[in-house]
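S.K.: could you work out the structure for the sequence below:
(chains A and B)
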Amino acid sequence: MSMVLLRGAAEQGLIYSLVALGLYLSYRTLNIADLTVDGSFTLGASAAAALTVLGHPILALFFAVLAGSMAGLVTAVLQTKLKVQPILAGIITMTALYSINLRVMGNRSNLPMLREETIFTLFTKLLPTPLKGYAKLTLSLFFAVLAALFLILFLRTRLGLSVRATGDNRTMVSSSSINPAYTTTVGLCIANALVSLSGGLLAQYQMFSEITLGTGMVVIGLASLIIGEVLCDMLFRIPSVARAISAAVVGAVIYRIIIAMALSASVSTSDLKLVSAVIVMIAISYPAVRDQYRLYRLRKESEKNADA
Amino acid sequence: MKKFIALMLASLLALALASCGGNTSPAAPASSSAPAASDSSTDAKNGKKLKIGLVQMMEHPSLDEIRESVLAELIAEGFDDTKVEIDYQNGQGDMGTLNTIAQKFVGDNVDLIIAIATPAAQAAAAATSDIPIIFSAVTDPVSAGLVSSLDKPDRNCTGTSDAIPTAQIFALADELTPGIKTYGFLYNQGESNSVSVINDAKAALDAKGVQYIETCVVSSGEVTSAAQSLISKVDAIFCPIDNTVAYAMPNLAQIAIDAKLPVYVAADSMVNDGGLATVGVNYTQLGKQTAQMAAKVLSGTAVADIPVQVLTQYSTVANKDTAAALGIDVSKYSN
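M.R.: Have a look, this model is predicted:
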């Protein structure tokens, strides 16, 4: 496995880790399976591409964040005000975003930036020659750390704690006179803003945006998140929010490295989906298998004690 | 046991990170040795095997046909497996995978990348600005950002375009079913190739002063109702090279036959599935031209000196059964 491939996998993993962070907030913290993600990822990519083509690669990322939070807001309003079921609300927004994304890219399904300045090319220019090869890695790492720090700090604020409480116990939250509709909205906005920023970064990284870019993003994000959780579970006895969030970032990188390894081990790409499915399956089933093993050991021990 | 697994995973990760952080040097020579196509030709003379990375966007009959043809023609050009090593990868329509494949090729320091379909070519172009890239089946290379003009490629990319001769298709339509006043366009706006063909078609029809109505679909399931809404308003239906519509082609063909309307398409596979006729791209020929360009690069010609090729020969194909059902004589055209 070559260095370029490994570095590329790490770069992509760090960029995609923002999706895992978004899902940590919506899926793990708020307990909502938010399917808006497929659409808001492409929305971020489209918005960033459209502005990058106009010559504003940095402003592009701000707009990606803004656009993503708008998408989250729509899903949240559907859920909380119009009482649409959470999964359905996500699907509705995702479907609507398909048309919107085409509009954002100027009625095109593919918007190249091969000739434009992106934040990656700008940053590469800033670095001295021997370090140029690391520009993309550094910048991806910077955004991943920034997003992770933001999320950790946010979840420690009063509002962040309310968001966490909403996912844990809605009844308790409303009886503490916190409006769960408000906290859900805030959570979904931030989650989709993170996903959208990830899309914007990826579009600039790969120098084009495509209407199909976000397809399957929920599964990839979940896989990363769960790989991270398994890792966190193995390393720490007590998972804290900060540990879980850092683990999600590492999980996203591991996911990409596994895919790159599979490619360089010449696993046929038609089998790649199977490889991903197996990774996700192992990762998801790990806690259940672990619990069963513990139960089995406990039973053995108690049997022994009973004998004695 | 648990601690052990944790330790193993942690060390694996540390190893991966260390090895990915720990060396600048291989990356630099990799990119500096790659650009000179002349280097690779000397390699060939020295009996060293050349490496070609072949990436295809997804499984698709037309794209598969191009790939088969590229591989066959490379051997015909003298680049058989004693001289070149071909690493074939398929992106399965996943952009993340396409990026990783492109990075794998760059990391393996291949001498040439052959990319089939637009996103595959764009992913390769983003991964390297040094290694020559020969693309195929890119309908509009200029708007895809791969070249600034078809005659003078200014980046490391050149290749073949499968631009559809829309004017010729409408000329064929005038011959087979004269008197069409309004065309109905049926396509998925999310497919860049379709949009590019539709733009050409609009220009061609505007020039002839013929009307058209557009109906866009997002999924194959919508084709039936879209077609039913069109048939009362138009004299003929035109579909570009559109995968979404292609999947529902048998269905669309039946609706059109029932309404006694001709369906003109832009791909011969869609004629096989019941479309009336097309003047289409011969993908075997396209693959052949692609391989010939690749051979030129491998023997030392600079990419900038190889203009993008558009097919010069098109083949007219018509569906006998559909024609018989509509009462049109297509005996002139094969199939």
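S.K.: only C-alpha atoms for contact and neighbour calcs from this point on.
M.R.: Noted.
S.K.: residue ranges for the strands of the chain, please.
M.R.: Since no chain was named, I'll use chain A. Defined through DSSP state E, the strands belonging to chain A, from first to last, are A:110-112, A:208-210.
S.K.: chain B is the one I meant
M.R.: Here chain B has its strands, by DSSP E, at B:50-56, B:84-90, B:112-116, B:133-136, B:157-161, B:182-187, B:211-216, B:236-239, B:263-265, B:277-280, B:309-310, B:315-318.
S.K.: if I look at A:E11, how far off is A:K136?
M.R.: The gap separating A:E11 from A:K136 is 7 Å, by Cα to Cα, to the nearest Å.
S.K.: if you could redo that for A:L97, that was the one I meant.
M.R.: Computed with Cα to Cα, the distance linking A:L97 and A:K136 is 29 Å.
S.K.: repeat that for A:S26.
M.R.: Relative to A:K136, and taking Cα to Cα, A:S26 is found at 28 Å.
S.K.: with A:E117 instead?
M.R.: A:E117 sits 14 Å away from A:K136 when distances are taken as Cα to Cα.
S.K.: same check on A:G228?
M.R.: A:G228 sits 23 Å away from A:K136, going by Cα to Cα.
S.K.: one more: B:L298?
M.R.: Shown here: B:L298 relative to A:K136, a distance of 30 Å by Cα to Cα.
S.K.: and the two? Which one has more around it.
M.R.: B:L298 (25 against 21; other Cα atoms under 10 Å in any protein chain shown).
S.K.: does that one touch B:L112 like I think?
M.R.: Yes. Distance between B:L298 and B:L112: 7.4 Å, which falls inside the contact criterion (Cα atoms under 8 Å).
S.K.: test for you: state the pLDDT assigned to the residue nearest to the spatial centre of chain B.
M.R.: Chain B has B:A137 as the residue nearest its centroid, 2.7 Å off, counting by Cα atoms, centre = their mean. Taken from the predicted model, the pLDDT recorded for B:A137 is 90.
S.K.: what's near enough to touch B:G93?
M.R.: With contact taken as Cα atoms under 8 Å, 6 or more residues apart in numbering or on different chains, B:G93 is in contact with B:57-59.
S.K.: can you redo those as JSON lines with pLDDT?
M.R.: Compiled in JSON lines, these are given as follows (pLDDT from 0 to 100):
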{"residue": "B:M57", "pLDDT": "90"}
{"residue": "B:M58", "pLDDT": "86"}
{"residue": "B:E59", "pLDDT": "84"}
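S.K.: out of those, who has the most neighbours?
M.R.: The most neighbours of any of these, using other Cα under 10 Å, belong to B:M57, which has 23 neighbours.
S.K.: so it touches B:Y88, yeah?
M.R.: No. With contacts defined as Cα under 8 Å, B:M57 does not count as touching B:Y88, sitting 11.2 Å away.
S.K.: surely B:G184 touches B:P240?
M.R.: No. Between B:G184 and B:P240 there is no contact under Cα under 8 Å: 11.3 Å.
S.K.: okay, these two: which has more neighbours?
M.R.: With neighbours defined as other Cα under 10 Å, B:G184 and B:P240 compare such that B:P240 has more, 25 against 22.
S.K.: how about the more buried one, phi and psi?
M.R.: phi -80, psi -170 (degrees, to the nearest 10).
S.K.: quick one, what contacts it?
M.R.: Neighbouring residues of B:P240 by Cα under 8 Å, 6+ apart: B:186-187, B:194, B:197-198, B:265-267.
S.K.: one more pass at 7 Å, please.
M.R.: Each residue near B:P240 by Cα atoms under 7 Å, 6 or more residues apart in numbering or on different chains is listed here: B:187, B:194, B:197-198, B:265-266.
S.K.: excluding covalently adjacent residues, which one is nearest to it?
M.R.: Using Cα to Cα, 6 or more residues apart in numbering or on different chains and skipping residues adjacent in sequence, the residue nearest B:P240 is B:A266, 4.9 Å away.
S.K.: list phi and psi for the one you found.
M.R.: According to degrees, to the nearest 10, B:A266 has phi -120, psi 10.
S.K.: close to chain B, is stretch A:73-93?
M.R.: No. Judged by Cα under 7 Å from any Cα of the partner chain, stretch A:73-93 stays clear of chain B, getting no closer than 14.3 Å.
S.K.: whoops, I mixed them up, stretch A:227-237
M.R.: Yes. Remark: stretch A:227-237 sits within contact range of chain B at A:234-235, by Cα under 7 Å from any Cα.
S.K.: flag every residue of chain A that's near chain B.
M.R.: Going by Cα under 7 Å from any Cα, the residues of chain A near chain B are A:2-9, A:108-110, A:112, A:114-115, A:133, A:206-207, A:211, A:213, A:234-235, A:260, A:269-270.
S.K.: could you report the neighbour count for the closest residue to chain B within the stretch 101-250 of chain A?
M.R.: Taking Cα to the nearest Cα as the measure, the stretch 101-250 of chain A has A:S109 as its residue closest to chain B, at 4.8 Å. Under the neighbour criterion other Cα under 10 Å, A:S109 is assigned a count of 24.
S.K.: that one reaches B:S192, doesn't it?
M.R.: Yes. A:S109 is within contact range of B:S192, at 5.2 Å (criterion: Cα atoms under 7 Å).
S.K.: could you pull out the helices in the chain for me?
M.R.: No chain specified, so I'll use chain A. Defined through DSSP state H, the helices belonging to chain A, from first to last, are A:3-23, A:36-53, A:57-80, A:86-104, A:119-126, A:135-156, A:158-168, A:170-175, A:180-206, A:217-235, A:241-264, A:272-307.
S.K.: my bad, chain B
M.R.: If you assign secondary structure with DSSP H, the helices in chain B sit at B:2-21, B:27-33, B:37-45, B:61-76, B:95-107, B:118-127, B:166-176, B:192-208, B:223-231, B:243-247, B:249-258, B:268-272, B:283-298, B:320-326.
S.K.: where does chain B have its least confident helix or strand?
M.R.: helix B:27-33 (a mean of 37; mean pLDDT, DSSP states H and E).
S.K.: is B:L276 in contact with B:A266, as I believe?
M.R.: No. Judged on Cα under 7 Å, B:L276 makes no contact with B:A266 at a distance of 10.6 Å.
S.K.: between those two, which is the more surrounded one?
M.R.: Between B:L276 and B:A266, counted using other Cα under 10 Å, B:L276 has the larger neighbour count: 32 against 25.
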